[in-house]
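Asks: Sequence first, then the predicted structure, then my questions.
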Amino acid sequence: DNMSADMHKAGTGKGHHVKNLYEPGSNEYEYYADGCKAGKTDGKANMSSVYQRYDDQYDSRFEKPFKKGYETCWKKYR
């Protein structure tokens, strides 16, 4: 997955800002950011990585960017 490789290049380890690779202002950008926020919360709380617990917070058409944001930020805060 190219996005995953790009995320790695952007630096997603502790102390690095997670880069949102979607176009600012787009729906994908906003859902990625929402997923990242949820992943950060769960990661800091030492919860399992289950983005589906937030399925009421994203439109199914934008599940992919929400999931990507969640997983990227969850890993950062684990």
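Replies: Okay, I see it. Residues are numbered from 1 along each chain as shown.
Asks: quick one: pLDDT of the spatially most central residue of the chain?
Replies: Using CA atoms, centre = their mean, the residue of the chain that lies closest to the mean C-alpha position is Gly69, 1.2 Å off. Per-residue confidence at Gly69 stands at 97 (pLDDT).
Asks: Spatially, which residue comes closest to it, not counting chain neighbours?
Replies: Nearest residue to Gly69, sequence neighbours excluded (CB to CB, 6 or more residues apart in numbering): Gly35, at 3.1 Å. In this view, the C-beta of every residue, glycine as well, is placed from N, C-alpha and C.
Asks: which residues does the one you found contact?
Replies: Counting by CB atoms under 8 Å, 6 or more residues apart in numbering, Gly35 touches Tyr51, Tyr54, Tyr58, Pro65, Phe66, Lys67, Lys68, Gly69, Tyr70, Glu71, Cys73.
Asks: Greatest separation within the residues you listed: which pair is it?
Replies: Checking these against each other with CB to CB, the farthest-apart pair comes out as Tyr58 and Cys73, at 14.4 Å.
Asks: most residues in a single helix of the chain, which one?
Replies: The longest helix of the chain (DSSP state H) is helix 27-44.
Asks: In it, which residues are buried?
Replies: By neighbour count with 16 or more other CB atoms under 10 Å, helix 27-44 contains the buried residues 28-36, 38-40, 42-43.
Asks: May I have the secondary structure class of Asn46?
Replies: Of the three states, Asn46 takes coil under DSSP: H, G, I helix; E, B strand; the rest coil.
Asks: Many thanks, I have nothing further to ask.
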